[in-house]
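J.: what shape does this take:
(one chain, ligands or ions: 1)
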Amino acid sequence: MEPSQSKILIIDDEPANLLLLSRILTKAGYRAVETINDSREALPAFACNQPDLVIVDLHMPHRDGFEIIAGLRQHTPAGVFLPIIMLTADTNPEVELKALKLGANDFLNKPFQPVQIALRVRNLLHTRQLHRSLQEHNQQLERRVRERTIELDTARLDILERLARAAEYRDFSTGRHAQRVGEISALLARKLGLPEPQVELVQRAAPLHDVGKIGIPDEILLKPGSLTPEEFEVMKTHIAIGVKLLAHGHSQLIQVAELIALTHHERWDGSGYPRGLSGDAIPIFGQIVAVADVFDTLIHERPYKRAWPVEKAVAEINLMSGRWFNPKVVVAFLQVLAEQSQLLKLEASV
Ligand SMILES: [Fe+2]
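T.: Here you go, the predicted structure:
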């Protein structure tokens, strides 16, 4: 903004003073000078016109200059630099101190030289301009940082989703299995009362539970019948491979994904693998994903089995409550199922 466009508000009860000041400022090139001689109108005029600089007299009827400065400071938004100059014939040194304490930026005694006021106005407006540019620059930087953070977050989640997809790619019959396990796990976590950030975490991390299958040979991964004990041992190594892939993650998301990859085949009664953990020694995320994984696997086709009807799968989950699964998670599962009818409508096979 050109200095000549700056809006200046002058408050003085003496019309002669107002005339003199506005002449000086007009001569100095300022085009938008507003004068007020009734101090009661100062604050409404300020609120209405939002001047860039205020010049105020001290001794006035109704409201004195101190009161006006205090009022202006109350109405100046945080971070905005509004210059205020106090102009007075009062030479008491206490007056200057009080004005500055209340928030005046400059103080000038009458009588004054025209050049004194013109230079002070110019300097203060220049500072206001710099202040404004700095603020705009900061806002621009904050906006850019926000944009970059969103971009990085999206890229990070995108990569994780693609990693889960890569693991599924070889096992073409599973389709969106990994994503659905994430979605079901989130519903269960929410029903179990986990805080929302944890719910989101399990939703994003659970799809990576079988990422280790990337290292299982095709003849085992895609075998149409049931596995021999030796083949099953090889299949079990998808846990160790997944943990290796996700180990030493720096983000909470990868750390939870590692925990889920490690524990989603543990069973409540201790008959699971790889460590045979039982009860609450199994982390809650592992307990949740175990139910979500088995349910989704049952209701979809696999190389070794047909898709089960939802009712049969639900009966199986119920039967395994307290054996494979934490009974509390099974209760949450049944509640979610009753509430979320779309879960029943999940595509039979993708
Ligand atoms: Fe698995």
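J.: sketch out the low-pLDDT regions of the stretch 201-350 of the chain for me.
T.: 341-350 (pLDDT under 70).
J.: mind listing the helices in it by residue range?
T.: Ranges of helices in the stretch 201-350 of the chain, per DSSP state H, counting those that start in this stretch, are 218-221, 229-246, 252-263, 284-298, 310-319, 327-339, 341-344.
J.: so which of the ones you listed comes closest to residue 96?
T.: Nearest to residue 96, of all those, is helix 252-263, at 57.2 Å by Cβ to Cβ. In short, each C-beta sits where N, CA and C put it, glycine included.
J.: who does that closest one touch, helix- and strand-wise?
T.: Judged by 3 or more Cβ pairs under 8 Å, 6 or more residues apart in numbering; DSSP states H and E, the packing partners of helix 252-263 are helix 114-169, helix 196-205, helix 229-246, helix 284-298.
J.: and what about the nearest residue to residue 29 once chain neighbours are set aside, helix, strand or coil?
T.: Nearest residue to residue 29, sequence neighbours excluded (Cβ to Cβ, 6 or more residues apart in numbering): residue 4, at 4.8 Å. Following DSSP: H, G, I helix; E, B strand; the rest coil, residue 4 is assigned to helix.
J.: for residue 4, give me its contacts.
T.: 29-31 (Cβ atoms under 8 Å, 6 or more residues apart in numbering).
J.: as CSV, the helices and strands packed on helix 252-263 with mean neighbour count and distance to residue 189 would be great.
T.: As requested, these are exported to CSV (neighbours: other Cβ atoms under 10 Å; distance: least, Cβ to Cβ, whole Å):
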stretch, mean neighbour count, distance to residue 189
helix 114-169, 13, 18
helix 196-205, 19, 5
helix 229-246, 16, 19
helix 284-298, 23, 6
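J.: and those helices as a markdown table, adding distance to residue 106?
T.: As requested, the helices and strands packed on helix 252-263 are exported to a markdown table (distance: least, Cβ to Cβ, whole Å):
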| stretch | distance to residue 106 |
| --- | --- |
| helix 114-169 | 5 |
| helix 196-205 | 51 |
| helix 229-246 | 63 |
| helix 284-298 | 63 |
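J.: out of the ones you listed, which gets nearest to residue 333?
T.: Taking these one by one with Cβ to Cβ, helix 284-298 is closest: 5.3 Å.
J.: and that closest one, C-alpha only, in PDB?
T.: Taking C-alpha atoms only, helix 284-298 is exported to PDB below (Å, rounded to 0.1, in the frame of the first residue of the first chain):
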ATOM      1  CA  ILE A 284      -5.400 -55.600  22.000                       C
ATOM      2  CA  PHE A 285      -4.600 -54.700  18.400                       C
ATOM      3  CA  GLY A 286      -3.600 -58.300  17.800                       C
ATOM      4  CA  GLN A 287      -6.800 -59.600  19.500                       C
ATOM      5  CA  ILE A 288      -8.900 -57.300  17.300                       C
ATOM      6  CA  VAL A 289      -7.200 -58.100  14.000                       C
ATOM      7  CA  ALA A 290      -7.400 -61.800  14.700                       C
ATOM      8  CA  VAL A 291     -11.300 -61.600  14.700                       C
ATOM      9  CA  ALA A 292     -11.400 -59.300  11.700                       C
ATOM     10  CA  ASP A 293      -9.000 -61.400   9.700                       C
ATOM     11  CA  VAL A 294     -10.700 -64.700  10.400                       C
ATOM     12  CA  PHE A 295     -14.200 -63.300   9.700                       C
ATOM     13  CA  ASP A 296     -13.200 -61.700   6.400                       C
ATOM     14  CA  THR A 297     -11.300 -64.900   5.300                       C
ATOM     15  CA  LEU A 298     -14.300 -67.100   6.100                       C
END
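J.: that one - contacts with which helices or strands?
T.: Using 3+ Cβ pairs under 8 Å, 6+ apart, helix 284-298 is in contact with helix 177-191, helix 196-205, helix 252-263, helix 310-319, helix 327-339.
J.: so which of those helices is nearest residue 123?
T.: Going by Cβ to Cβ, the one of the helices and strands packed on helix 284-298 nearest residue 123 is helix 196-205, 50.5 Å.
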